[in-house]
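Engineer: sharing a model that was predicted from the sequence below.
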Amino acid sequence: MKEKAKQFIKIELLKHNINYVQLSKLMKVKGYDYSSDTIRTKIHRGSFSFAFFLEVCDSLEINFVCLDKMNIS
C-alpha cells in the first residue's frame, strides 16, 4: 500500500507539473511547513503519514469523495 501512495503523489505532481520546491511553497501557503528536501525524502522512501498524504493532496487541491461501501447498491 505504501508504494501505491508514493506512486499516487508522484503522478499527481507530474499531472500538476509541480516539483518538490514548488510543492513546499504550496504547502507553506496552506500552513504545512516542510522543506523541499524533507518532502523529497518522505516521498522517495514512501515513509510518510496519512496526515502528510492529505496535506499534499490539500496543497494540490485534490479532493476525495468517500463512499460508505455499505450504502452502495
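Structural biologist: Cool, the structure landed.

Engineer: now for S47, how many residues are close by?
Structural biologist: The number of residues packed near S47 is 11, by other CB atoms under 10 Å. Glycine gets a C-beta too; all of them are placed from N, C-alpha and C.

Engineer: skip the chain neighbours and tell me the closest residue to it.
Structural biologist: For S47, ignoring the flanking residues on the chain, the nearest one in space by CB to CB, 6 or more residues apart in numbering is K2 at 7.7 Å.

Engineer: please name the nearest non-neighbouring residue to S35.
Structural biologist: Nearest to S35 is S24, by CB to CB, 6+ apart, at 6.1 Å.

Engineer: what about that neighbour, which helix or strand?
Structural biologist: For S24, the element it lies in under DSSP states H and E is helix 20-30.

Engineer: does anything pack onto that helix? Which helices or strands?
Structural biologist: The elements that helix 20-30 packs onto, with contact taken as 3 or more CB pairs under 8 Å, 6 or more residues apart in numbering; DSSP states H and E, are helix 36-45, helix 50-59.
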